[in-house]
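**Student:** sequence and predicted structure below; questions after.
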Amino acid sequence: MMSYETVEDLPEAPLATRPSDRITTASWRTFRPVIRLEACTKCYVCWKFCPDVAIGIDKAGWPVVLLDYCKGCGICAEECKPRAIDMVKEG
């Protein structure tokens, strides 16, 4: 972890200390996305808009949620035009 002595020592923009695909955020989640394949059109908008690289594509071309990396923000469900993603309460 980097340390800074003064505010002037801080970088001008946010600085990643490790790749985002190595940061698991599942423990932050209170809702998880569930993709209803019968409604999915394989447009991949969910994949495009996911800020955490938590949507993968399986061998058949269907989007899948990578729950280790999903923090449950709901952006995928919000952007899904056919409304094929439901946000379901955890636990």
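**Tutor:** That came through, no problem. Numbering: from 1, shown residues only.
**Student:** flag the shaky bits of the protein, pLDDT-wise.
**Tutor:** Scanning the chain for pLDDT under 70 picks out 1-2.
**Student:** for it, what spans make up the strands?
**Tutor:** Applying DSSP state E to the chain gives strands spanning 31-35, 55-57, 63-65, 85-89.
**Student:** where along this structure do the helices fall?
**Tutor:** 45-49, 75-79 (DSSP state H).
**Student:** mind listing what's buried in the last one?
**Tutor:** When neighbours are counted by 16 or more other CB atoms under 10 Å, the buried residues of helix 75-79 are found to be 75-77. Where C-beta positions appear, they are placed from N, C-alpha and C, glycine not excepted.
**Student:** which residues touch it?
**Tutor:** For helix 75-79, contacts defined as CB atoms under 8 Å, 6 or more residues apart in numbering pick out 33, 45-46, 48-51, 55, 65, 83, 85-87.
**Student:** center of this structure - which residue?
**Tutor:** Asp52 (3.6 Å; CA atoms, centre = their mean).
**Student:** any figure for the gap between the closest residue to that one other than its chain neighbours and Gly61?
**Tutor:** Sequence neighbours aside, Tyr69 is the residue nearest to Asp52 in space, at 5.2 Å (criterion: CB to CB, 6 or more residues apart in numbering). Using CB to CB, to the nearest Å, Tyr69 is found at 20 Å from Gly61.
**Student:** which of the two has more neighbours?
**Tutor:** Tyr69 (19 against 9; other CB atoms under 10 Å).
**Student:** wouldn't Arg36 be in contact with Val88 here?
**Tutor:** No: contact criterion CB atoms under 8 Å: Arg36 and Val88 do not qualify, at 11.0 Å.
**Student:** about what we covered before: in a markdown table: the helices of the chain, plus distance to Trp28.
**Tutor:** As requested, the helices of the chain are exported to a markdown table (distance: least, CB to CB, whole Å):
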| stretch | distance to Trp28 |
| --- | --- |
| helix 45-49 | 18 |
| helix 75-79 | 14 |
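**Student:** nearest to Val7, out of the ones you listed?
**Tutor:** Val7 lies closest to helix 75-79 among the helices of the chain, at 31.4 Å (CB to CB).
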